[in-house]
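In: Kindly generate the corresponding structure for this input.
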Amino acid sequence: MAADSLDRAGVRPSAAAAGRLRAMTRPPLDLVPAGEPADPLTHNPLNGVTGGIWRTRRDGRPAVLKLITPPGGDGDVGPAHWAASAEPGHWNYWRREVEAYRSGLATTAWASAGQAGPAVLAVRDRPDGTVALWLAEADGRPGTAGTVGDFGELARRLGAAHADWLGRTGELSRYDWLARDWLRDYTLSRPVTEPVAWDHPVAVAAWPAPLRAALRGLWERRRELLAATDRLPRTLCHHDVWPTNLVLSDGGPVLLDWSFVGPGPIGEDAANLVLDTFFDGLVDVALLPEVADAVLAGYVEGLRGVVDPVLVARAVRLTGAAKYFWLAPVMLNRAGGATGQTYDRRDEAAMFAGRRPVLELLAHWADDSLP
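Out: Below is the predicted model of the structure:
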(Lines give C-alpha, C1' and ligand atoms only; values in the text may rest on other atoms or scores of the structure.)
Protein backbone atom coordinates (compact mmCIF):
# COMPACT_ATOMS: atom_id res chain seq x y z
CA MET A 1 0.00 0.00 0.00
CA ALA A 2 1.07 3.51 -0.34
CA ALA A 3 0.15 4.97 2.92
CA ASP A 4 1.18 2.73 5.78
CA SER A 5 3.67 0.82 3.73
CA LEU A 6 5.92 -2.08 4.62
CA ASP A 7 8.03 -0.20 7.14
CA ARG A 8 4.93 0.94 8.99
CA ALA A 9 3.39 -2.51 8.81
CA GLY A 10 6.06 -3.59 11.25
CA VAL A 11 6.42 -7.15 10.02
CA ARG A 12 8.97 -8.74 7.74
CA PRO A 13 8.07 -11.72 5.54
CA SER A 14 9.37 -15.18 6.37
CA ALA A 15 12.52 -16.28 4.57
CA ALA A 16 10.48 -18.43 2.18
CA ALA A 17 8.01 -15.64 1.52
CA ALA A 18 10.80 -13.13 0.98
CA GLY A 19 12.36 -15.48 -1.54
CA ARG A 20 9.12 -15.72 -3.49
CA LEU A 21 8.73 -11.95 -3.39
CA ARG A 22 12.25 -11.40 -4.71
CA ALA A 23 11.75 -14.01 -7.41
CA MET A 24 9.09 -11.96 -9.21
CA THR A 25 11.60 -9.62 -10.83
CA ARG A 26 9.86 -9.83 -14.21
CA PRO A 27 6.25 -10.42 -15.19
CA PRO A 28 5.25 -13.82 -16.62
CA LEU A 29 6.37 -14.37 -20.22
CA ASP A 30 2.80 -14.61 -21.50
CA LEU A 31 2.39 -10.98 -20.45
CA VAL A 32 5.77 -9.51 -21.37
CA PRO A 33 8.10 -11.44 -23.72
CA ALA A 34 11.72 -11.82 -22.66
CA GLY A 35 12.95 -9.20 -25.12
CA GLU A 36 10.58 -6.47 -23.92
CA PRO A 37 11.54 -4.04 -21.12
CA ALA A 38 9.96 -4.61 -17.71
CA ASP A 39 11.32 -2.36 -14.98
CA PRO A 40 10.00 -3.16 -11.49
CA LEU A 41 8.24 -0.29 -9.73
CA THR A 42 8.33 0.22 -5.97
CA HIS A 43 5.29 -1.05 -4.11
CA ASN A 44 4.42 -2.71 -0.82
CA PRO A 45 5.46 -6.35 -1.42
CA LEU A 46 3.64 -7.57 1.69
CA ASN A 47 0.21 -6.70 0.32
CA GLY A 48 -1.18 -10.01 -0.85
CA VAL A 49 -3.13 -8.34 -3.65
CA THR A 50 -0.09 -7.10 -5.58
CA GLY A 51 2.00 -9.70 -7.38
CA GLY A 52 4.19 -7.05 -9.01
CA ILE A 53 4.17 -3.73 -10.88
CA TRP A 54 6.35 -3.00 -13.92
CA ARG A 55 6.96 -0.18 -16.35
CA THR A 56 6.85 -1.76 -19.80
CA ARG A 57 5.17 -1.33 -23.19
CA ARG A 58 1.93 -2.51 -24.76
CA ASP A 59 1.02 -2.13 -28.43
CA GLY A 60 4.05 0.06 -28.94
CA ARG A 61 3.26 2.60 -26.21
CA PRO A 62 4.57 3.09 -22.65
CA ALA A 63 2.47 1.19 -20.16
CA VAL A 64 2.36 0.00 -16.57
CA LEU A 65 1.49 -3.62 -15.85
CA LYS A 66 0.06 -4.56 -12.47
CA LEU A 67 -0.39 -8.23 -11.60
CA ILE A 68 -3.31 -8.72 -9.22
CA THR A 69 -3.19 -11.85 -7.05
CA PRO A 70 -6.18 -13.67 -5.49
CA PRO A 71 -6.24 -14.86 -1.87
CA GLY A 72 -4.03 -17.89 -1.38
CA GLY A 73 -2.08 -17.28 -4.58
CA ASP A 74 1.70 -17.27 -4.89
CA GLY A 75 1.79 -13.51 -4.33
CA ASP A 76 -0.20 -13.73 -1.09
CA VAL A 77 2.78 -14.46 1.14
CA GLY A 78 2.77 -11.56 3.58
CA PRO A 79 1.45 -11.25 7.13
CA ALA A 80 -2.21 -11.66 7.99
CA HIS A 81 -2.87 -7.93 8.29
CA TRP A 82 -1.93 -7.49 4.62
CA ALA A 83 -3.73 -10.58 3.31
CA ALA A 84 -5.90 -10.32 0.22
CA SER A 85 -9.60 -10.92 0.80
CA ALA A 86 -12.29 -12.52 -1.36
CA GLU A 87 -15.01 -10.56 0.47
CA PRO A 88 -16.04 -7.58 -1.74
CA GLY A 89 -16.58 -5.11 1.11
CA HIS A 90 -13.28 -5.92 2.85
CA TRP A 91 -10.74 -3.11 2.96
CA ASN A 92 -8.27 -5.26 0.96
CA TYR A 93 -10.64 -6.98 -1.49
CA TRP A 94 -8.35 -8.38 -4.16
CA ARG A 95 -10.36 -7.47 -7.29
CA ARG A 96 -11.35 -3.93 -6.32
CA GLU A 97 -8.89 -2.06 -8.52
CA VAL A 98 -9.70 -4.31 -11.48
CA GLU A 99 -13.40 -3.56 -11.05
CA ALA A 100 -12.75 0.15 -10.55
CA TYR A 101 -11.14 0.29 -13.99
CA ARG A 102 -13.52 -2.13 -15.72
CA SER A 103 -16.51 -0.12 -14.53
CA GLY A 104 -14.95 3.20 -15.48
CA LEU A 105 -15.25 4.51 -11.91
CA ALA A 106 -11.52 5.18 -11.55
CA THR A 107 -11.44 7.33 -14.67
CA THR A 108 -14.82 9.07 -14.47
CA ALA A 109 -15.98 9.37 -10.84
CA TRP A 110 -14.03 12.58 -10.20
CA ALA A 111 -13.80 13.81 -13.78
CA SER A 112 -16.03 16.80 -13.04
CA ALA A 113 -13.30 18.07 -10.72
CA GLY A 114 -10.53 17.50 -13.26
CA GLN A 115 -9.24 14.48 -11.39
CA ALA A 116 -8.94 10.94 -12.75
CA GLY A 117 -6.93 7.75 -12.80
CA PRO A 118 -4.79 6.63 -15.74
CA ALA A 119 -6.44 5.20 -18.83
CA VAL A 120 -6.92 1.43 -18.80
CA LEU A 121 -5.42 -0.35 -21.80
CA ALA A 122 -6.43 -3.94 -21.10
CA VAL A 123 -7.57 -6.31 -18.38
CA ARG A 124 -6.72 -9.99 -18.72
CA ASP A 125 -7.92 -12.80 -16.48
CA ARG A 126 -5.21 -15.47 -16.46
CA PRO A 127 -5.64 -19.26 -16.05
CA ASP A 128 -3.87 -19.25 -12.68
CA GLY A 129 -6.49 -16.88 -11.25
CA THR A 130 -4.37 -13.74 -11.34
CA VAL A 131 -5.44 -10.67 -13.30
CA ALA A 132 -3.15 -8.57 -15.49
CA LEU A 133 -4.09 -4.89 -15.40
CA TRP A 134 -2.52 -2.76 -18.13
CA LEU A 135 -2.60 1.00 -17.64
CA ALA A 136 -1.32 3.86 -19.77
CA GLU A 137 1.80 5.37 -18.24
CA ALA A 138 0.96 8.87 -17.06
CA ASP A 139 3.42 11.53 -18.25
CA GLY A 140 4.59 14.13 -15.77
CA ARG A 141 6.51 14.76 -12.59
CA PRO A 142 6.29 12.25 -9.75
CA GLY A 143 4.28 13.35 -6.76
CA THR A 144 7.41 13.29 -4.61
CA ALA A 145 8.64 16.27 -6.69
CA GLY A 146 5.45 18.21 -5.99
CA THR A 147 5.50 21.78 -4.74
CA VAL A 148 3.36 23.37 -2.05
CA GLY A 149 1.22 24.78 -4.86
CA ASP A 150 0.85 21.36 -6.47
CA PHE A 151 -0.46 19.82 -3.26
CA GLY A 152 -2.81 22.75 -2.67
CA GLU A 153 -4.25 22.41 -6.17
CA LEU A 154 -4.69 18.66 -5.75
CA ALA A 155 -6.55 19.33 -2.50
CA ARG A 156 -8.84 21.82 -4.25
CA ARG A 157 -9.73 19.19 -6.83
CA LEU A 158 -10.25 16.60 -4.10
CA GLY A 159 -12.63 19.00 -2.37
CA ALA A 160 -14.57 19.61 -5.58
CA ALA A 161 -14.74 15.87 -6.26
CA HIS A 162 -15.94 15.16 -2.73
CA ALA A 163 -18.53 17.95 -3.00
CA ASP A 164 -19.90 16.32 -6.15
CA TRP A 165 -20.55 13.04 -4.31
CA LEU A 166 -22.14 14.48 -1.15
CA GLY A 167 -25.65 13.12 -0.87
CA ARG A 168 -25.01 10.73 -3.75
CA THR A 169 -23.22 7.84 -2.08
CA GLY A 170 -26.42 5.80 -2.40
CA GLU A 171 -25.65 5.64 -6.12
CA LEU A 172 -22.59 3.57 -5.27
CA SER A 173 -24.72 0.62 -4.13
CA ARG A 174 -24.51 -0.85 -7.63
CA TYR A 175 -20.78 -1.36 -7.05
CA ASP A 176 -20.77 -4.18 -4.51
CA TRP A 177 -16.97 -4.33 -4.60
CA LEU A 178 -16.34 -0.93 -2.99
CA ALA A 179 -14.67 -0.82 0.42
CA ARG A 180 -17.50 -0.95 2.94
CA ASP A 181 -15.94 0.93 5.88
CA TRP A 182 -12.31 1.37 4.91
CA LEU A 183 -11.12 3.77 7.60
CA ARG A 184 -12.39 1.66 10.50
CA ASP A 185 -11.59 -1.74 9.00
CA TYR A 186 -8.05 -0.83 7.98
CA THR A 187 -6.98 1.01 11.12
CA LEU A 188 -8.35 -1.56 13.57
CA SER A 189 -6.55 -4.34 11.70
CA ARG A 190 -3.07 -2.87 12.30
CA PRO A 191 -0.87 -5.19 14.39
CA VAL A 192 -0.49 -3.42 17.74
CA THR A 193 0.70 -5.53 20.67
CA GLU A 194 -0.05 -4.26 24.17
CA PRO A 195 1.30 -3.12 26.50
CA VAL A 196 2.99 -0.50 24.33
CA ALA A 197 6.43 0.62 25.52
CA TRP A 198 5.69 4.34 25.51
CA ASP A 199 8.96 5.07 27.32
CA HIS A 200 11.19 2.95 25.10
CA PRO A 201 14.68 4.55 24.94
CA VAL A 202 14.47 5.24 21.20
CA ALA A 203 11.18 7.08 21.73
CA VAL A 204 12.48 8.98 24.75
CA ALA A 205 15.44 10.12 22.67
CA ALA A 206 13.28 11.39 19.80
CA TRP A 207 9.90 12.33 21.25
CA PRO A 208 9.43 14.59 24.30
CA ALA A 209 7.23 13.35 27.13
CA PRO A 210 4.22 15.54 26.19
CA LEU A 211 4.23 14.08 22.66
CA ARG A 212 4.44 10.52 23.93
CA ALA A 213 1.55 11.21 26.31
CA ALA A 214 -0.51 12.70 23.48
CA LEU A 215 0.18 9.72 21.21
CA ARG A 216 -0.79 7.37 24.01
CA GLY A 217 -4.04 9.27 24.46
CA LEU A 218 -4.64 9.08 20.73
CA TRP A 219 -4.31 5.30 20.83
CA GLU A 220 -6.53 4.94 23.89
CA ARG A 221 -9.28 7.05 22.29
CA ARG A 222 -9.16 5.32 18.92
CA ARG A 223 -12.73 4.05 18.98
CA GLU A 224 -14.00 7.44 20.06
CA LEU A 225 -12.16 8.98 17.11
CA LEU A 226 -13.65 6.51 14.66
CA ALA A 227 -17.13 7.05 16.07
CA ALA A 228 -16.71 10.80 15.57
CA THR A 229 -15.78 10.29 11.91
CA ASP A 230 -19.06 8.39 11.43
CA ARG A 231 -20.90 11.66 12.06
CA LEU A 232 -19.15 13.50 9.22
CA PRO A 233 -20.75 13.92 5.77
CA ARG A 234 -20.04 10.96 3.50
CA THR A 235 -18.51 11.07 0.04
CA LEU A 236 -16.53 8.89 -2.36
CA CYS A 237 -12.92 8.49 -1.16
CA HIS A 238 -9.76 7.18 -2.78
CA HIS A 239 -8.36 6.22 0.66
CA ASP A 240 -4.71 6.27 -0.45
CA VAL A 241 -3.82 9.78 -1.65
CA TRP A 242 -0.10 10.36 -1.22
CA PRO A 243 2.85 11.39 -3.43
CA THR A 244 3.80 7.95 -4.73
CA ASN A 245 0.25 7.53 -6.05
CA LEU A 246 0.39 10.87 -7.82
CA VAL A 247 1.68 12.01 -11.22
CA LEU A 248 1.66 15.75 -11.91
CA SER A 249 0.84 15.93 -15.61
CA ASP A 250 0.29 18.98 -17.80
CA GLY A 251 -3.40 18.14 -17.93
CA GLY A 252 -3.73 17.95 -14.17
CA PRO A 253 -2.87 15.51 -11.39
CA VAL A 254 -3.34 11.80 -12.09
CA LEU A 255 -4.14 9.53 -9.14
CA LEU A 256 -2.87 5.96 -9.20
CA ASP A 257 -3.83 2.85 -7.20
CA TRP A 258 -7.60 2.72 -6.77
CA SER A 259 -7.41 -0.47 -4.69
CA PHE A 260 -9.20 1.01 -1.68
CA VAL A 261 -11.85 3.23 -3.27
CA GLY A 262 -15.17 3.45 -1.46
CA PRO A 263 -17.46 5.68 0.58
CA GLY A 264 -15.92 7.51 3.50
CA PRO A 265 -15.97 10.74 5.49
CA ILE A 266 -15.02 14.08 4.02
CA GLY A 267 -11.54 15.16 5.08
CA GLU A 268 -9.89 11.76 4.94
CA ASP A 269 -8.20 12.04 1.54
CA ALA A 270 -6.96 15.56 2.30
CA ALA A 271 -5.65 14.54 5.73
CA ASN A 272 -3.85 11.56 4.26
CA LEU A 273 -2.24 13.78 1.63
CA VAL A 274 -0.77 16.00 4.35
CA LEU A 275 0.47 13.24 6.62
CA ASP A 276 1.67 10.69 4.08
CA THR A 277 3.58 13.31 2.13
CA PHE A 278 6.03 13.45 5.04
CA PHE A 279 5.89 10.25 7.11
CA ASP A 280 8.36 8.31 4.96
CA GLY A 281 10.92 11.07 4.46
CA LEU A 282 10.20 11.37 0.73
CA VAL A 283 9.53 15.12 0.94
CA ASP A 284 11.44 17.60 3.12
CA VAL A 285 9.55 17.78 6.43
CA ALA A 286 10.45 21.47 6.69
CA LEU A 287 7.63 22.01 4.18
CA LEU A 288 5.04 20.42 6.48
CA PRO A 289 3.48 23.67 7.82
CA GLU A 290 3.18 25.17 4.33
CA VAL A 291 1.76 22.00 2.81
CA ALA A 292 -0.71 21.53 5.67
CA ASP A 293 -1.97 25.10 5.24
CA ALA A 294 -2.13 24.84 1.44
CA VAL A 295 -3.97 21.51 1.49
CA LEU A 296 -6.51 22.75 4.01
CA ALA A 297 -7.07 25.99 2.08
CA GLY A 298 -7.43 24.14 -1.21
CA TYR A 299 -9.77 21.52 0.22
CA VAL A 300 -11.96 24.18 1.84
CA GLU A 301 -12.11 26.01 -1.49
CA GLY A 302 -13.16 22.86 -3.32
CA LEU A 303 -16.03 22.32 -0.89
CA ARG A 304 -16.96 26.02 -0.65
CA GLY A 305 -20.69 26.63 -0.77
CA VAL A 306 -21.42 22.99 0.00
CA VAL A 307 -19.89 22.35 3.45
CA ASP A 308 -19.16 24.94 6.13
CA PRO A 309 -15.41 25.70 6.19
CA VAL A 310 -15.28 25.15 9.97
CA LEU A 311 -16.67 21.63 9.54
CA VAL A 312 -14.26 20.94 6.66
CA ALA A 313 -11.27 21.92 8.80
CA ARG A 314 -12.49 19.76 11.68
CA ALA A 315 -13.07 16.83 9.31
CA VAL A 316 -9.47 16.98 8.07
CA ARG A 317 -8.09 17.04 11.60
CA LEU A 318 -10.42 14.32 12.87
CA THR A 319 -9.93 11.88 10.00
CA GLY A 320 -6.17 12.41 10.08
CA ALA A 321 -6.08 11.51 13.76
CA ALA A 322 -8.32 8.50 13.13
CA LYS A 323 -6.19 7.28 10.22
CA TYR A 324 -2.96 7.11 12.21
CA PHE A 325 -3.79 6.43 15.86
CA TRP A 326 -1.98 3.09 15.44
CA LEU A 327 1.30 4.32 13.94
CA ALA A 328 3.23 5.27 17.08
CA PRO A 329 2.26 2.02 18.86
CA VAL A 330 3.44 -0.08 15.91
CA MET A 331 6.71 1.86 15.74
CA LEU A 332 7.25 1.23 19.45
CA ASN A 333 6.37 -2.46 19.11
CA ARG A 334 9.17 -2.70 16.54
CA ALA A 335 11.69 -0.44 18.28
CA GLY A 336 15.08 -2.07 18.55
CA GLY A 337 14.41 -4.51 15.71
CA ALA A 338 14.53 -4.45 11.93
CA THR A 339 12.42 -1.67 10.42
CA GLY A 340 11.82 -3.44 7.11
CA GLN A 341 11.42 -0.25 5.10
CA THR A 342 10.14 -0.09 1.56
CA TYR A 343 9.72 3.67 1.14
CA ASP A 344 11.37 5.10 4.26
CA ARG A 345 15.07 4.29 3.97
CA ARG A 346 16.20 5.98 7.19
CA ASP A 347 17.62 4.09 10.13
CA GLU A 348 15.49 3.75 13.24
CA ALA A 349 16.78 6.81 15.09
CA ALA A 350 16.45 9.02 12.01
CA MET A 351 12.97 7.68 11.31
CA PHE A 352 11.75 8.39 14.85
CA ALA A 353 13.26 11.88 14.75
CA GLY A 354 12.06 12.60 11.22
CA ARG A 355 8.49 11.62 12.00
CA ARG A 356 8.35 13.77 15.14
CA PRO A 357 6.97 16.93 13.42
CA VAL A 358 4.29 14.90 11.64
CA LEU A 359 3.30 13.10 14.83
CA GLU A 360 3.16 16.44 16.64
CA LEU A 361 0.75 17.70 14.00
CA LEU A 362 -1.27 14.49 14.37
CA ALA A 363 -1.45 14.96 18.14
CA HIS A 364 -2.49 18.59 17.67
CA TRP A 365 -5.24 17.55 15.26
CA ALA A 366 -6.53 14.98 17.73
CA ASP A 367 -6.51 17.50 20.58
CA ASP A 368 -8.50 19.97 18.46
CA SER A 369 -10.97 17.32 17.30
CA LEU A 370 -12.14 15.72 20.54
CA PRO A 371 -13.33 17.38 23.77
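In: would you list every one of the helices in this structure?
Out: Secondary structure of the chain (DSSP state H): helices at 6-9, 15-23, 96-102, 105-108, 148-165, 182-187, 201-206, 209-220, 222-229, 268-276, 288-302, 309-323, 327-334, 348-369.
In: Quick one: list the elements packing against the longest one.
Out: Read it as helix 348-369. helix 201-206, helix 209-220, helix 222-229, helix 268-276, helix 288-302, helix 309-323, helix 327-334 (3 or more CB pairs under 8 Å, 6 or more residues apart in numbering; DSSP states H and E). No exception for glycine: its C-beta is placed from N, CA and C like everyone else's.
In: got the angle for the second one vs helix 309-323?
Out: Here helix 209-220 runs at 90 degrees with respect to helix 309-323, directions being taken by axes from the mean of the first three to the mean of the last three CA atoms, to 10 degrees.
In: Pick the most buried one from the helices and strands packed on helix 348-369.
Out: helix 268-276 (a mean of 28; mean count of other CB atoms under 10 Å).
In: Tell me which of the helices and strands packed on helix 348-369 sits nearest to residue 357.
Out: Residue 357 lies closest to helix 288-302 among those, at 5.5 Å (CB to CB).
In: Which elements pack onto the closest one?
Out: If contacts are counted by 3+ CB pairs under 8 Å, 6+ apart, helix 288-302 sits against helix 148-165, helix 268-276, helix 309-323, helix 348-369.
In: Out of these, which gets nearest to residue 234?
Out: Closest approach to residue 234 among the helices and strands packed on helix 288-302 is made by helix 148-165 (8.2 Å; CB to CB).
In: which parts of that closest one are buried?
Out: 150-165 (16 or more other CB atoms under 10 Å).
In: closest to residue 323 among the residues you listed?
Out: Closest approach between the buried residues of helix 148-165 and residue 323, by CB to CB: residue 158, at 14.8 Å.
In: I'd like to know how far that closest one sits from residue 293.
Out: Using CB to CB, to the nearest Å, residue 158 is found at 16 Å from residue 293.
In: can you check residue 42 too?
Out: Residue 42 is 29 Å from residue 293, by CB to CB.
In: likewise residue 271?
Out: For residue 271, the distance to residue 293 equals 14 Å [CB to CB].
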